[in-house]
Each structure stands twice: as C-alpha cells, then as structure tokens.
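Undergrad: Below: sequence and its predicted model.
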Amino acid sequence: MMLANVRARLGREDAQLVLRLLTGGQPESARDVESTLADHGLDPLLDEPALLRALIEARQSAHASLPLFCYVVVRHALTRLGADDRRLADYVASVLLHFGLRERARRLADSDDEVYDTVARIAEDVESVDPQRAFLARAHLGNYALWLSGLFPDHIEHRRFRRGGPDLAYYETMGRRGFQLAAGHRLANQHGLAPLYGAAAEAFPQLRMALNSVSDALLFPHVHTPERLMRQVRDAFAHDRVA
C-alpha cells in the first residue's frame, strides 16, 4: 500500500545536505538556516526555491538521496500550480519512488503476481469480491493513471495521434475515478487514507500538470514537438482559468 511517507524517510544526512546546499558555506546564512531548522523543522527549508536550484545544479547534490530529490522536485512543481498540500507532495513523491522500481507500476502490490498493462485492465478489478484487492485496485488505478499521464504525456499524445489511443483527459478521468473509489472504501477509512485519496481525486489535474513539468524539464528536456507545445498551451490556459 502506497503511503505519504517520503518526508518521514528523510534522515540526518538529508538534513545536513539541505543545510550545506542552502548556506553555501556562508556563516551568516548558516545561522539563519539552522535557526529555521531548530524552530520549525525541515519543511520550510525543503520549500526554499534555492534548494531546488541547488539540487539540480550544485555539485554537492550528487550526494542527495532519491527520496529527498523526488520530494523537493514534486513539492516545488505543485506549489508553482498553487497546490500547497504537503501530504499530496509526499504521496506523489512516494508514487514516483515505488513505481520507479522494477515492475511495481504494473502490480497492485510488491508481492502481487498479476501484471496490469492498461488502466482499463486495472479498472476491471475495482469491484473485486475480495475487499482487499478491490481497495488496492482502486488506489492503483489512480496511481497508475497519474504515473503514465504525469511522466509520459508525450508518449500518450504520440499514441493518440498515430494510433488513436486515449488522450490525457481519459487518464485524468480514470485517475480521479480510482482515487474517488479508493476514498470511499471502508479500508481507506480504517487506514486513515480517505482524506488523502479524496484530495488526490480533486487535485488530479494539478498533480498531472506538475509531473508533466518535471518530465519536460528533467526527464525529456530535448523533446520539441507540436503535441508537447499544444499540451503546454492547453494546461497553461486551464491553470489560468482556474486561478
């Protein structure tokens, strides 16, 4: 089961690296940053714009842990879109970390034997007679739709234009449905996850657009296609209209 626990996984070495990246060896800056850490914890430092730049550009960032890098990148991408819920940033970062491992994106759980290739196939199991499997399928439907539409929008657009595949709106619809169904399952209430899934369903377009910006800038920065340009224009217009 995916949890919003990436920040909880950050340790002392992560905090020390954050301090080094933000202070740049300047004693005065070090005092201010250390005071913020002591008084308010690590969260305000993780929100510093300078930290994101340093993680991408500074030589010391090569020592950053994957949880630290994923959380900061996701958190800043979401805040740029006005999504300030740290739980959502934590959860989306967790999805990236888990789905980046082997075939985890195609399985309901680490130990599950069944492999799912499409969101439609996952959707078939959201009403499984097994309550545990139904719950996992609902959450996975949201996670998988977010993973695909967030990190691989160009692939989706390419398939749509070349082969008549589903568009990004389809993945948004299916992803929101998955999180909404997961939020309504009794196991979500038992595990305290109903509010998180509900928030993910409501904010799904923002989550998708935030991951698109991460993908465009960091994963596939040299792609320049009409499809990408049109997506970016549509998303910018949609964001401005909502804002």
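TA: That came through, no problem.

Undergrad: For stretch 226-236, list the C-alpha coordinates in CSV.
TA: Taking C-alpha atoms only, stretch 226-236 is exported to CSV below (Å, rounded to 0.1, in the frame of the first residue of the first chain):
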residue,chain,number,x,y,z
PRO,A,226,3.8,20.3,-31.8
GLU,A,227,2.0,17.8,-29.4
ARG,A,228,4.1,19.0,-26.4
LEU,A,229,3.6,22.6,-27.3
MET,A,230,-0.2,22.2,-27.6
ARG,A,231,-0.3,20.4,-24.3
GLN,A,232,1.6,23.1,-22.5
VAL,A,233,-0.6,25.8,-24.0
ARG,A,234,-3.8,23.9,-23.0
ASP,A,235,-2.5,23.4,-19.5
ALA,A,236,-1.4,27.0,-19.1
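
Undergrad: Give me the mean pLDDT for that stretch.
TA: If you average the pLDDT over stretch 226-236, you get 92.

Undergrad: any idea how far the closest residue to residue 97 other than its chain neighbours lies from residue 143?
TA: Excluding the flanking residues, the one nearest residue 97 by C-beta to C-beta, 6 or more residues apart in numbering is residue 70, at 5.7 Å. All C-beta atoms are positioned from the backbone trio N, CA, C, and that covers glycine. The gap separating residue 70 from residue 143 is 14 Å, by C-beta to C-beta, to the nearest Å.

Undergrad: longest helix anywhere in the protein?
TA: The residue-count maximum for a helix in the chain (DSSP state H) belongs to helix 131-151.

Undergrad: contact partners of the helix or strand following it?
TA: With elements assigned by DSSP states H and E, the helix or strand that comes after helix 131-151 is helix 153-163. Outside helix 153-163, the residues within contact range by C-beta atoms under 8 Å, 6 or more residues apart in numbering are 148-149, 165-168, 171, 208, 212, 215, 220, 223, 225, 227-228, 231.

Undergrad: Helix or strand: which one has the residue most central in space within the chain?
TA: Centroid-nearest residue in the chain, with C-alpha atoms, centre = their mean: residue 92, separated by 2.7 Å. Using DSSP H and E, residue 92 maps to helix 86-99.
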